[in-house]
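Engineer: This is a predicted model, with the sequence first.
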Number of protein chains: 2
Amino acid sequence: MSARLLLVEDDDQIREVISDYFNAKSEGSIKITAASDGDEGLNLIQSDDFDLIILDVMLPHIDGFTLCRRIRSKKDVPVLFLTARTSEDDKLYGYELGCDDYITKPFSLAELYAKVNALLKRASGTVSKPELVCGNITLNPVTLNVTACGKDIELAPKEFEILAYMMKHPNWVISRDTLLDMIWGNDFYGSPRIVDNHVKKLRCALGSAGTQIKTVISKGYKLTEE
Amino acid sequence: MSARLLLVEDDDQIREVISDYFNAKSEGSIKITAASDGDEGLNLIQSDDFDLIILDVMLPHIDGFTLCRRIRSKKDVPVLFLTARTSEDDKLYGYELGCDDYITKPFSLAELYAKVNALLKRASGTVSKPELVCGNITLNPVTLNVTACGKDIELAPKEFEILAYMMKHPNWVISRDTLLDMIWGNDFYGSPRIVDNHVKKLRCALGSAGTQIKTVISKGYKLTEE
DNA sequence: AATAATTGTAGCATATCGGTGATAATATTG
DNA sequence: CAATATTATCACCGATATGCTACAATTATT
């Protein structure tokens, strides 16, 4: 899958960091064009086609939401907002996000990358069913796709179900018994150690994102964003 | 299920967006009445019955927590706070939530909708335990997460149980024997000094919030809000 | 039916936790 | 201030929980 992104961001440093990261991580399959202000961004949108636009809410001269509306009047392209937490909360939450999404600063590049991939996939698909995202992992309950660090992952059924349950309850400490109840059902009378086993395989399958599954001794497991 | 909601929020736009969303989504089964300031809200509460109140913490003239206390003096109705993240965190933590909950901006309308439904269900049903808060410490009996000064804390089982017991009885002086009974059970015949040991580790784990556990000489321990 | 993939079991290695006792530090009492 | 009682802290080792591996049993696929 190849995609073209437009990044509208006034801070030179951030622009560069994001561009570099995406170039390296996607190995060229994602191409980023950068604009430093709204006008430049609008011009690029008219002359080029993009699959996704990353938009800083705080831009000089024009704010991201206004720019977004202008973009929408020309093209129907998904927008991912970059926003600082306090200052733009109110506007953001009054804004009808539609099929868009937002990410609040500070954020990790990996997180941004994961979210972008999720949005791209969502946009290319049919329905805009919300995708579960937790740190570097995404799980789509409709398409049943799982990605870790932007890459597609194949999971065995049990592994998938465990991950899905955890993704629905991020940061919850989930006991082995709970998992046995929810996934195996009431008619399973084996040892809870079986959960360990599948969790182990799940961690492996997730690669470096496997560390997001934390063990909480004597309690169970917990899926975290890091 | 049909429910009446009161929304107290000064921003016209937000009020409208929320009202519209709930009307559309619930297909009329949830009726929202909106108030733009605290006084109007109080009047409505006296004249009407509501199943849930959504309260912006930042209101002109009066803050949400104060308003909430006044509401409580009249009616025992669950309250959902809307709060921006950084600015109101401290107050929120110090506030005894009771059967209430809060949601931080920015949030999606779907998220708010889900939370409201959860609260309504909880209120109509029996009980679902809310998060315990004491000073800078929070403990969620459902997710088993513990935070101190806003940061997630990892606790060993015994430490967790001791803290949980104390959080359920803030400001009580709890004897070592009581803790031994409640946590170790009747089949423990060692020395009560063991409690000291775990309390020590607990204090360490809590970092600067560890000072909230006070020793009451010859009596036991006490968890305070400072 | 044969093969492959997945699931469940068992056991050992390893990390973490819990309890003990001694000693230091602190508070209380006379 | 000295004597006493109470609590804090530490290091140690046994107990417990988890990670990991290999293999058997089951199920799905061809």
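Structural biologist: On my side now, so go ahead. Fair warning: this is a prediction, and the values are worked out from it, not measured in the lab. Numbers count the residues shown, from 1 in each chain, chains lettered A, B, ... in the order given.

Engineer: wait, isn't residue A:59 in contact with residue A:65?
Structural biologist: No - with contact defined as C-beta atoms under 8 Å, residue A:59 does not count as touching residue A:65 (10.2 Å). To be clear about C-beta, it is placed using only N, CA and C from the backbone, and glycine gets the same treatment.

Engineer: Between those two, which is the more surrounded one?
Structural biologist: Between residue A:59 and residue A:65, counted using other C-beta atoms under 10 Å in any protein chain shown, residue A:59 has the larger neighbour count: 20 against 17.

Engineer: How about the contacts made by the more buried one?
Structural biologist: Contacts for residue A:59 (C-beta atoms under 8 Å, 6 or more residues apart in numbering or on different chains) come out as A:8, A:10, A:37-38, A:67.

Engineer: do the same with residue A:216
Structural biologist: Neighbouring residues of residue A:216 by C-beta under 8 Å, 6+ apart: A:173, A:222, B:144, B:154.

Engineer: Quick one, which of these are buried?
Structural biologist: A:173, A:222, B:144 (16 or more other C-beta atoms under 10 Å in any protein chain shown).

Engineer: Residue A:139: which of these is nearest?
Structural biologist: Of all the buried ones among the contacts of residue A:216, residue A:139 sits closest to residue A:222, with 16.2 Å by C-beta to C-beta.

Engineer: Name all residues that make contact with the closest one.
Structural biologist: A:166, A:171-174, A:213-216.

Engineer: let's see 7 Å
Structural biologist: Applying C-beta atoms under 7 Å, 6 or more residues apart in numbering or on different chains, we find residue A:222 in contact with A:171-174, A:214, A:216.

Engineer: Mind checking which of those are in strands?
Structural biologist: A:173-174, A:214, A:216 (DSSP state E).

Engineer: And these, which two are furthest apart?
Structural biologist: Between all members of these, the farthest pair (by C-beta to C-beta) comes out as A:174 and A:214, at 10.8 Å.

Engineer: neighbour count winner among those two?
Structural biologist: Between residue A:174 and residue A:214, counting by other C-beta under 10 Å, residue A:174 is the more crowded of the two (21 against 14).

Engineer: ok, now which ones touch that one?
Structural biologist: A:166, A:220-222.

Engineer: Same question for residue A:68.
Structural biologist: Going by C-beta under 7 Å, 6+ apart, residue A:68 touches A:55, A:79.

Engineer: Could you rerun that using 6 Å?
Structural biologist: Counting by C-beta atoms under 6 Å, 6 or more residues apart in numbering or on different chains, residue A:68 makes contact with residue A:79.

Engineer: what helix or strand does it sit in?
Structural biologist: According to DSSP states H and E, residue A:68 maps onto helix A:64-74.
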